[in-house]
Structure formats: C-alpha cells, structure tokens
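> Below: sequence and its predicted model.
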2 protein chains.
Amino acid sequence: MARGTNGLGVQVEDLKVCVVMVGLPARGKSFIAQKAQRYLQWLSIPAQTFNVGNYRRRSSAQPTADFFATDNPVGERLRRAAAEDAVDDMLRWLTTGGGVVGILDATNSTKERRGWVLDRCAAAGIACLFVESKCDDEALVLANIRDVKTTSPDYVGQDPEQAALDFRNRIRNYEKIYRTIDADGDEDDLTYLKIMDVGSRVIISRIQDYLQSRIVYYLMNLHIRPRSVWLSRHGESLYNLDGRIGGDAALSPRGEQYARKLPELVRLSVGDDRPLTVWTSTLQRTIATARHLPPHYNQLQWKALDELDAGVCDGCTYQQIQDQYPDDFRARDEDKYNYRYRGGESYRDVVIRLEPIIMELERSEDILIVTHQAVLRCIYAYFMKKDQARSPWMNVPLHTLIKLTPRAYGTEEVRYPAGIDAVSTWRGKGSTAKHEQPTEEAM
Amino acid sequence: MARGTNGLGVQVEDLKVCVVMVGLPARGKSFIAQKAQRYLQWLSIPAQTFNVGNYRRRSSAQPTADFFATDNPVGERLRRAAAEDAVDDMLRWLTTGGGVVGILDATNSTKERRGWVLDRCAAAGIACLFVESKCDDEALVLANIRDVKTTSPDYVGQDPEQAALDFRNRIRNYEKIYRTIDADGDEDDLTYLKIMDVGSRVIISRIQDYLQSRIVYYLMNLHIRPRSVWLSRHGESLYNLDGRIGGDAALSPRGEQYARKLPELVRLSVGDDRPLTVWTSTLQRTIATARHLPPHYNQLQWKALDELDAGVCDGCTYQQIQDQYPDDFRARDEDKYNYRYRGGESYRDVVIRLEPIIMELERSEDILIVTHQAVLRCIYAYFMKKDQARSPWMNVPLHTLIKLTPRAYGTEEVRYPAGIDAVSTWRGKGSTAKHEQPTEEAM
C-alpha cells in the first residue's frame, strides 16, 4: 500500500512521465523546463532536465549556424548522438534512478524526431507529455535572442552582434524542418500541451493522469511579463519577545514601529505608480503589519499563509518544548522539513497548502506578502531554489522587506532592512536559545 | 480594502464573468453548466445558470423540430425573444443582484449570436468566457439523446421513440447553422474554452483572470465515465466515547469492529473486481479504520482530509467549550459555517482546503474516502448540493458506508449501515448534549 508523501498530496510513484519540449530556438523552452523542474522539486517530486545542447557541446563547444544546416551530415550525426545520449541518461534515471519527471530540453522540431522519442520512452514504459512553445511574436523572439546571445555557452566570449546574427541563422536552419505538433491531424494520438504566443492560447490534448494535469496547469499559468514579489515577516510580536512560537499575539511596540515604517520601504522599492496587491495571513500580527499601507492597495487574507501549526507546542518556548517533548524536539532537529508537530504541521505540510499560493503568484504581477517565518521560508525556497534540508534553517530576519524579481535564468533578490531593532527568532540546530544570532550558513 | 472570503481564497468581488455555453443539442452543455454552478456555489462564489430553453418554454412548451428550422420566422422570433429575456435577467443579476458568475445555457451556435451576447455583456461591463462542447462521437451523442428524451420538459409524456426522432431532427436544424468558435481565425479575440470529445482535447484562449482560470481548470477535469465515490467516517474513537472533539485518539472496541467489517461492506457495494483507491486523513482513527481493506487497494493519506481544527477547543467536550468559551459557543451556533475556532478553522476554511480534493475527485474514477464528520459534511454537500447554512448541522452517522454516484442530473445516494452500535456524535443547535439523537431535519 503506497503512501503519498510528495507536495501534490497524491502518490506519483507509479506515474512517471517524460516532458518533451518542442519548439524553435529562442521560444523559451529552457525557461519552461527550468520552471517545471523547480515547481516539481519544490513539491518533492524528483524532476530533472536533460538538455540536449549540453550533451552536444561535449563534442562541439561553439559551432556556427552551419553546424545546424539540414545538409550538414557531420552536424546532423553529432546532434543525433547528443539526443541519443540525453535520452539514454534520462531513461536510466527514470527507470532505475528514482526519477519521476524527466524533462527533455531540445527542439524536437520534426514529427520523426518526436516519434523516435515516443518510441524510446514507450519501450521503457514511460509516457510522454509533449510541451510545445510556439511563438510568432517577433518582438518576443528578438528579446529572447538578445537574452540567449548573452547567456548561452555557445556564444560565450563572442561579439554580441556576430552572435545574434549567427543565432538567427541557426533558427532559420531549424525553421526549414520545423513542424508544429499535429499540424495535419497526424499526431492526434500524442499527449501534448501547445503554448501559443506565451500562453495567450493553449491546446491540451489527451492528458492522462493527475501528474500530467498538474504540470499542464502550472505551465498554463506562467507568464513572462516583468514583475516582482515582495516578502516581509510581520513586525515583532509580543510572543517573539517572550521567545514563544505560534499563537495569535499582537505586535510589540517595535513591531508597531515597523508597521508604520513599511509604507516607506515599499514606496522606496516599488515606486509610487505601480499598483500592488497585498496578501496577509489571517493572524492579527500580519494584518496589523500591513494596515498602514496605502488604501488603494487591494488587501487579501489567506488562511494558507498562516504560520506553521505547532499543534500541542503552540505558544511554547523552545526550552519548554525540549523539556516537555524531548524526543519530538530531537526528531525535529534531525529532519526539520519532515517533522510534523503533534496535532500540527511539518514544513512539508506547509508546502502542500502553499501550492495554490505559488500557482496564484505565477499568474499574478506585483504582490507583497506579509506572512510568517516558516511560510516565508517555503515561498523563498521556491523562488531561490533552496533545498528542503536547508530551507527550514534559513534566517529570515524580522523588520526586513525582501524583493524577489524572477528573470529568465533565476531570481534576483534585494533586501531592505527597516533599521528597527527586533529580537532574533532564529534557532540553530541543536540549540534551545531563545534569542540567538544566526550563523554564517543561515544567512 | 476588500477582504476575500470565498472558497478560492481570492477576492472575486471585482471579477465578474458570463460563462456562455456553445454547442449543438445533446453535447452535455447543461451538465457542464450545472457542474460549474455547483462548484462555484460550494466555494461561496455566487453563480447562477440562465437556461434559454426554460425561457422559450414559457411561450412554447412542447414545440416540434419544425420550430427550430432556420426558415421558421415565428420560431426564430420566439427563440430570439427567449435569449433576450435570459440575457436581460442575467445581466441584471450580475450588475445589481450580487451575482459573480452568470452561466448562459443555450446553443449560441452562430458567430452572430456569440457576437450579440458579447456586445450585450460588454455594454454592462461584464467579460465573457465562452465554453464550447464539441462532440463528434456518435455513441456519446446518442447516449445523451436517450437521456434528454426521457428527462427534457420538451418531451414529457410523449412517446420515447417519437421524441428521439424529433430531437434528432431538431439537432439537424441546428447543424445547418452551427459554427464552432474561431473556425476560420475570425473569433481570435474571444476568451474561450473548447472541450472536444468530452475533454480528450481542449483549447484555451485568452483567459484573463484567476476566476476564469479556475473555472477552466475545473471544467477541464470533468469526465463522464461511470464511477462512484464512497464515504465513511472513521470507526468510533475513544474521544467519541467521551464526547470530546478533535484529537488523534485510537478506535474504541466498537470502532475496531467497524474497521474489520468495512471490507465486507465495501465488497457488497463495490463488488470484487473494481479497483478502488482509498483516501484517509493523516489521523490514526481513519488509517486504522481502513487497515483491513484488501492490500491491492492503493491507499493514500491526505492532510487535507484531517478533521476541522478546533484550535484551543481541541480535545474538549461541548460542555467544556460552553463553560470556558460561552461567547464562542454561541457565535458558532449562530453561524456554524463561518465560525472559526480560536487558533483553528471554520467550515469555510475546510472547504478551501478541500478544493484540491474535489478537483482530484472529479478527475478520478472509484474512490473510497475514510475521513471525519466535518470534512465528510463538506464533501457530501458538494455532491448533494446542500447549502452552507444546513450542511454543518447534517447528521452523518458513524459505522455507515455512503455510496454516491454522480449522474447527468444529480447524484444518487445509497447508505450501508454496518449494524454496529456507536455513540451519536451529532449535536443539535443550541444544545450541549454529548450524545444526542439527531432530529428529523438533520437526517
């Protein structure tokens, strides 16, 4: 009897899938692949991207556009070999390496190539979900080309203008053979998601199970409009002063000071003109922290943003927990991500209930979230790709506004300390200190 | 500053939408409309269906297929008048009646008619989400025709064979003018979901906001394969014996007896051959109740199925709650659906966390859920269309297996009592009784 433990709340042990990217160069395939990988890993679903370009670069590090010409037999042989190596590694990982979602990041731009991937996967008992990004918006493609020429290992150290020109020629070579999925109804049996013009239209065909459905829904909700996410903990609370966890305490005087200062920090970081939506938890310390923000900001309370539920330990100090529940205290230190407080939650549980928040964040533009230490750690870990063993130990200081700006290849972070003192609520592994200065590693 | 309180956890006060059904007769439009309405209402989002056929029947109760012929000016005038009346009522409800999602249930089978609905809604400041069901599977259409001829008010009291023939002629009249959305790229600017062959393929175009996205995701997950959902509370627990709520108690001896009996009840109701997936909460009383079920059934624990969190009242008897928190006790009696225990949850909160469970139930086939009183009430209310004021007072006896079978026009229910005594855990409004016999109304 299998027990599901991943962040979808559903067992996926028996559901494995190869996500096969499809599309011309500069259509955001790698962006989609890395977002999907991160989302799944955050949900504890083993996911790994296999980038055929990386395999090809082993034999041919910086080829010119000619390498990608349809009439270049050497280039074609090497590209085919790279695809074979990538698929071999992916299938090995999926069948014997504990993998659940393998993402094959390549153009896969012909019906023949897709058929070959499908056959290879079928022979290994793995289903394929094809994800095509089709974009005819010239401006978007050009923006992506500019991005690629400055970041792709194929063009490192080269003249940017020359690189852009060569890359456009490479795309032209692919255009000669590119065929969108099911162009003439002859790939009618494929399971696929076709994303057109960055999501303004999508086609979804023959989705077979829950895992595929979740991946598709997540990818449908992605957008690439510029935006930021601001994160803040509530101001210092009366419980923080006492070193007690949980509860629904009011702000301390210094916490009130932070609440009054927050509008200024936000103005500094956001500017005056950008409309912002503010999300808080349902607990009074986050609501009070957000209450001086401009009245034209929409505010919304989410129960899903409430602090990790400490169950029977709610309202205790760490010292009390260690005294009353020494085994629990030790177990939590050993595996903080998975430890579930008696009658309460684990970090893993919090991630599950935050999944709709992440989905809505992906759909949204500028959002400010005022929430709690454990919840903030989970959201931060999603954007900054922190792993589960470390994220519960991360230091997130009070009285600090954090700005996260997702970019094509990662997330930028800026921190704005309010300059208002607060107790540290960080506790190191193996310690019971009430107020402790975070170690280097937790910063 | 608006505060969201509906079951999506997101404010929808400013997002209103008209869901415009599109498709030939017998394509499941009314089924889709009523599912969407129920889902939204369950999430506390005001949703209402406006069925043009019901308006038309006011002037023409049982017309023959000729009425729907394109060259019948009287029929066309009456049908047009019915559509106008339905749209008038819908827009009035959306703009001044507190409505959020209006569902226009009609064929809307021409580009002109869709343009007219779009213009009417735009003039009232309401966005349109077109939902087309396109089905070319003859067997499915015929099954639906059989269904319609026996249930449609248009054919009540008529000879079934005659009715089916007439209905097929009516469909032929619509086929003459039917045009699928954006057939030639000339309805490219519409926001739409096109469901083809009952979901095997969907096209989603220009979805604009979260509310539309949630409706689309829900409708994508519907299927019409026959299936049932079985519900059971855990066996009687030691807390039940003491009249205490919450906690994580073990089963009582009679609860153990129920756990051993459950496989027999399930075999009786499900049969031997159907594969069943069993969902429990993470609390020991549901896991223990499910532990004698056949080992080939997949079992899965969901935190989202845990009992309503009674916060500070966890582990108390109702008498203790009344003594210690008399105001809370009274407030809960007055509005049990919205009352949130201090540090705990309301029924409304439970519905929010059950939303992914409902989504997954819609996607799934046969599922047995072993869960808790409040959670079971919420799931039951979804399927049986119970309203929020009543569902928290509903009696769900211990030691009883409930089978729900969704049909096109509602859900069938069968109850299998195990014949093993248990305390009643039902409490009437205004009472503090530990063991009380449910009133007639709660049954």
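Looks like it came in fine.

> what residues are up against A:Thr107?
A:21-25, A:29, A:174, A:178 (CB atoms under 8 Å, 6 or more residues apart in numbering or on different chains). Using the backbone N, CA and C atoms, a C-beta is placed for each residue, glycine as well.

> If you rank those residues by neighbours, which is first?
Among those, A:Val22 has the most neighbours (other CB atoms under 10 Å in any protein chain shown), with 29 neighbours.

> For it, which non-adjacent residue is spatially closest?
Spatial nearest neighbour of A:Val22, excluding adjacent residues (CB to CB, 6 or more residues apart in numbering or on different chains): A:Glu132 at 3.8 Å.

> ok so, going back, quick one: mark the members of the contacts of A:Thr107 that sit in helices.
A:29, A:174 (DSSP state H).

> bridging residues for the residue nearest to A:Val22?
Beta-bridge pairing of A:Glu132 under DSSP bridges involves A:Val22, A:Lys194.

> sorry, back to before: format the contacts of A:Thr107 as CSV; extra columns: pLDDT.
Compiled in CSV, those are given as follows (pLDDT from 0 to 100):
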residue, pLDDT
A:Met21, 98
A:Val22, 98
A:Gly23, 96
A:Leu24, 95
A:Pro25, 92
A:Lys29, 93
A:Tyr174, 92
A:Tyr178, 96
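
> Are there helices or strands packed against the least confident helix or strand in chain A by mean pLDDT, and which ones?
Counting by mean pLDDT, DSSP states H and E, the weakest-scoring helix or strand in chain A turns out to be helix A:138-151, with a mean of 79. When contacts are defined as 3 or more CB pairs under 8 Å, 6 or more residues apart in numbering or on different chains; DSSP states H and E, helix A:138-151 packs onto helix A:160-177.

> chain center to the helix it packs on, what's the gap?
Mean-position distance between helix A:160-177 and its chain equals 30 Å (CA atoms, centre = their mean, to the nearest Å).

> So which residues make contact with that helix?
With CB under 8 Å, 6+ apart as the test, helix A:160-177 has contacts from A:24-26, A:64-65, A:68-70, A:107, A:109-110, A:145-146, A:148-150, A:152, A:155.

> What is the neighbour count of the residue nearest to A:Val22?
If you count neighbours by other CB under 10 Å, A:Glu132 ends up with 26.

> Please identify the helix or strand for the spatially closest residue to A:Lys429 that is not a sequence neighbour.
Spatial nearest neighbour of A:Lys429, excluding adjacent residues (CB to CB, 6+ apart): A:Asp333 at 5.4 Å. Element membership of A:Asp333 [criterion: DSSP states H and E] is helix A:326-334.

> hang on, A:Gly102 in a strand?
Yes. When DSSP: H, G, I helix; E, B strand; the rest coil is applied, A:Gly102 is found to be in a strand.

> Specify the beta-bridge partners of it.
A:Cys18, A:Gln48.

> Flag every residue of the stretch 101-250 of chain A that's near chain B.
Contact residues, the stretch 101-250 of chain A versus chain B (CB under 8 Å from any CB of the partner chain): A:200-206, A:210, A:213, A:217, A:220-221, A:246-248.

> In helices, which of these appear?
Here DSSP H is the test, and these give A:210, A:213, A:217, A:220-221 as lying in helices.

> which of these has the most neighbours?
For those, neighbours tallied by other CB under 10 Å; top is A:Met220, 22 neighbours.

> Identify the residues contacting it.
Neighbouring residues of A:Met220 by CB under 8 Å, 6+ apart: A:193, A:195, A:199, A:202, A:204, B:204, B:213.

> One more: A:Thr400?
A:232-233, A:415-418.

> For it, what are phi and psi?
Dihedral angles of A:Thr400 (phi, psi; degrees, to the nearest 10) stand at phi -140, psi 130.

> What about the closest residue to A:Ser213 other than its chain neighbours? Give its phi and psi, please.
In this structure, A:Ser213 finds its nearest non-sequential neighbour in A:Ile207, 5.3 Å apart by CB to CB, 6+ apart. Dihedral pair for A:Ile207: phi -60, psi 130, per degrees, to the nearest 10.

> A:Tyr217 is in contact with A:Ile207, correct?
No. Assessed by CB atoms under 8 Å, A:Ile207 is found out of contact with A:Tyr217, at 9.6 Å.

> mind showing which ranges of the stretch 101-250 of chain A have poor pLDDT?
The stretch 101-250 of chain A contains residues with pLDDT under 70 at A:148-150.

> hmm, try it at 90
Low-confidence segments of the stretch 101-250 of chain A (pLDDT under 90): A:136-166, A:168, A:184-185, A:197-200, A:208-211, A:213, A:221, A:223-226.

> ditto for the stretch 301-443 of chain A
Short version for the stretch 301-443 of chain A, where the test is pLDDT under 90: A:312, A:342-343, A:352, A:356, A:363, A:388-389, A:407-410, A:424-443.
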